Each structure stands twice: as structure tokens, then as C-alpha cells.
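*Asks:* prediction below, plus the sequence it came from.
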Amino acid sequence: MKIIGGSGGRLLTALVAQELGLKASKVEIKRFPDGEKYIRIDDDVSGEDVAIIQSMHHEPDNFLFEYFLLCDTVRDLGAKRVIGVLPYFAYARQDSRFNPGEAVSFRTVTKLIEDVGTTELFSIDMHQHRVGRVSELLRIPVYNLTAAPLLAEYVKANMQLEKPVVIGPDEESEQWASAAAKVIGADHDILQKKRLGAEKVEITARSLNVRGRDVLIMDDIISTGGTIVEATKILKGQGARRVLVACTHPILAQDALPKIYESGAEVVIGTNTVPSPVSYVSVASLIAGAIRKL
Ligand code: R5P
């Protein structure tokens, strides 16, 4: 087994390689003066199973294209199998044509990932509004791992929760709220969310009483922070004692982090699928464990 890290997954690659007792293959990645990308794999991958780790955060097009070059190259150099490990999977939210004429970007991206020779695909808490959607789009096996239990273990060990309750800000997040609640030993519920635009959401409360309780909000992605800000305000307004926030992918675009703290959240905890100031939880053991089982 060989492990290769793209520019979006270098740290994770080093940590996963450590967990597996391997050394990551050397890769030269640079740009030509005209802006084109240059890739060279400095290892013999012929006949090997190769895991390419690339998270698509912050520069999704750049990291995605780099993945295409890496994958196509290792297949061309004779790799037997290429396991695409794409912990943060960009474009997953554009999985439908919401308005006439829009690109269904998710479909295009998955098609290309398959076309360059990926034989298996791993992601973590990939945004999926319809469960099973990714497996339907691809012919190769897709494994969608979850970091929710790891996040919950971190919260349980470090945050001394009193009368805890776990809340998902929308319907899809019920899966992460319920997985975290199980680890923490709490009950869980979801809020109701209506997206009004890329940066604007409307959130309404449901029946669960959070007065005097410590609330953990669980979500997959924090991008602009709009969802978490609205959820925090609602929960504080309902008398929550503390509001803590955990997510798998802390994209934290623009001023998302200060906005969340200003709204009354005590702490934001994310994983290192996206390097950020709040990436306290490592998913390296999750990825290494999944690779080991192949
Ligand atoms: C959407 O359904 C996702 O699960 C997240 O809640 C959303 O992507 C977060 O985006 P933002 O931080 O921009 O509200």
C-alpha cells in the first residue's frame, strides 16, 4: 500500500501514514509560470494499491483538478487500485438543479472522479440530502465515514456538560446529532431550517425544552456560519445554559468564526478534514482504520 497526499491533504496524509506505519510517497507539485500545474510522483507505484488523500477545502477547483492529475498519473504508472480519500467533498451541496439552467456540479465531479481511474472512494460526512445518492451516481464502491462519534468523544472528555442535549440545525443533521447523543448519553432533536440564499437561512425551533441545559449543536459543514448563528440565537433565546458547536468540516469562510462566537456560542470544535483554528479532532485514525479494512 502506498499513500500519496495532495496539497489539500498533506497533514492528514502524514498522520494517516503514521497510523499505518507507512511512509507517504514523495510527490512534486508546482506550477508552471503560466499557471498550469505540474505533478511528479517520486515513487514506484506499479502494481500497488495507492491511497490518494486530498481534501477539497478552500480551493476546491484547484484541489479537485490536482486529484485528477494524481489519480490518472498513478493509474498510468501501473497502480492496481486507487483509493480516493476525499474527506471534505466539495460540490456535494449542488446535487440538484435548484434553478433552471444550473449545473448539477456534484454529478459532474463524481463522473470525473470515476473517469480518472478511482477504484474506491472514501469521504467523511459527505453532504447528502438524499441518502444513497452518491452510491447511485457512481459505479465504484463509495464509503461515507462519519466523524460524529469522534467529535462527541472530544466534547464528552473536555467540556463537562450539564444536563446535555444534542441538536441538529436541520433535518439532514439528525444522523450526526443522534450519533453524538449516543456517545454523550443525551437525548437529541433537530431544528427546522429554510435556506433563503447562499448566506441566509431561517431557523425555527421545535418542541424540545433546552432551558437550563447545555446544548451541543452538531452539523457536517460550517461555511458562512449562517446556520449556526441562527441556531445559536434560537437556542439561547429558549434559555439554553451553554451552546457548544461541533462540525466535521470547519470551512469557516470569511468571518464565520467571530460571527458564531458573537452569537453566543461558547466553543466551536471541528476536525482536521479542513485545517482551521478549531480543528481539535483528528480523523486520521478513522481513515487509517477504513484503509486497513480494505
Ligand atoms: C446544509 O444543509 C449543511 O448541513 C450546513 O448546515 C450548511 O452547509 C452550513 O452552511 P453555512 O455555514 O453557510 O450556513
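*Replies:* Nice, I can see it.

*Asks:* just say helix, strand or coil for residue 231.
*Replies:* Secondary structure of residue 231, reduced to three states by DSSP: H, G, I helix; E, B strand; the rest coil: helix.

*Asks:* for it, list the residues it contacts.
*Replies:* 167, 169, 191, 203, 217 (Cβ atoms under 8 Å, 6 or more residues apart in numbering). (Glycine included, C-beta is placed from N, CA and C.)

*Asks:* name the SS class of the last one, please.
*Replies:* Following three-state DSSP, the label given to residue 217 is strand.

*Asks:* separation between it and the ligand?
*Replies:* Distance of residue 217 to the ligand, computed by Cβ to the nearest ligand atom, to the nearest Å: 10 Å.

*Asks:* for burial, what's the neighbour tally of the closest residue to that residue other than its chain neighbours?
*Replies:* Among residues not flanking residue 217 along the chain, residue 245 sits closest, at 4.8 Å (Cβ to Cβ, 6 or more residues apart in numbering). Counted by other Cβ atoms under 10 Å, the residues lying close to residue 245 total 29.

*Asks:* interface residues of the stretch 51-200 of the chain facing the ligand?
*Replies:* Residues of the stretch 51-200 of the chain lying close to the ligand (Cβ under 6 Å from any ligand atom) are 127, 169, 170, 172, 173.

*Asks:* next, format these as CSV and append secondary structure, neighbour count and pLDDT.
*Replies:* Below are those laid out as CSV (DSSP: H, G, I helix; E, B strand; the rest coil; neighbours: other Cβ atoms under 10 Å; pLDDT from 0 to 100):
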residue, secondary structure, neighbour count, pLDDT
127, coil, 22, 84
169, coil, 25, 94
170, coil, 18, 91
172, helix, 17, 89
173, helix, 27, 93
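
*Asks:* among those, which pair sits farthest apart?
*Replies:* 127 and 169 (13.2 Å; Cβ to Cβ).

*Asks:* which one among the contacts of residue 231 gets closest to residue 108?
*Replies:* For those, with residue 108 as the reference and Cβ to Cβ as the criterion, the closest is residue 169, at 28.0 Å.

*Asks:* do I have it right that that closest one meets residue 203?
*Replies:* Yes. At 6.4 Å, residue 169 counts as touching residue 203 under the criterion of Cβ atoms under 8 Å.

*Asks:* overlap in contacts of the two?
*Replies:* Joint contacts of residue 169 and residue 203 (Cβ under 8 Å, 6+ apart) are 191, 193, 227, 230, 231.

*Asks:* pLDDT check: weakest of these?
*Replies:* The lowest pLDDT within the shared contacts of residue 169 and residue 203 belongs to residue 193, which sits at 76.

*Asks:* count of residues packed around residue 277?
*Replies:* 10.

*Asks:* next one: the one 3 residues further on
*Replies:* As a burial measure, the neighbour count of residue 280 was computed by other Cβ under 10 Å and equals 18.

*Asks:* just the element for the nearest residue to it once chain neighbours are set aside, please.
*Replies:* Leaving aside its chain neighbours, residue 280 sits nearest to residue 269 (5.4 Å; criterion: Cβ to Cβ, 6+ apart). Using DSSP states H and E, residue 269 sits within strand 267-271.

*Asks:* pLDDT averaged over the helix or strand following that strand - what is it?
*Replies:* As assigned by DSSP H and E, the chain's next helix or strand after strand 267-271 is strand 279-281. For strand 279-281, the mean per-residue pLDDT is 98.

*Asks:* quick check: buried residues in whatever helix or strand comes next after strand 279-281?
*Replies:* Sequence order places helix 284-292 as the next helix or strand after strand 279-281, per DSSP H and E. Across helix 284-292, burial judged by 16 or more other Cβ atoms under 10 Å covers 284, 286, 287, 288, 290, 291.

*Asks:* same list (these) but as a markdown table, adding distance to the ligand and pLDDT.
*Replies:* Output for the buried residues of helix 284-292, formatted as a markdown table (distance: Cβ to the nearest ligand atom, whole Å; pLDDT from 0 to 100):
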| residue | distance to the ligand | pLDDT |
| --- | --- | --- |
| 284 | 23 | 98 |
| 286 | 19 | 98 |
| 287 | 21 | 98 |
| 288 | 26 | 98 |
| 290 | 22 | 97 |
| 291 | 26 | 96 |
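
*Asks:* mind listing the strands for the stretch 101-250 of the chain?
*Replies:* Remark: strands assigned in the stretch 101-250 of the chain by DSSP state E, counting those that start in this stretch are 120-124, 142-145, 165-168, 187-190, 192-195, 201-204, 214-222, 242-250.
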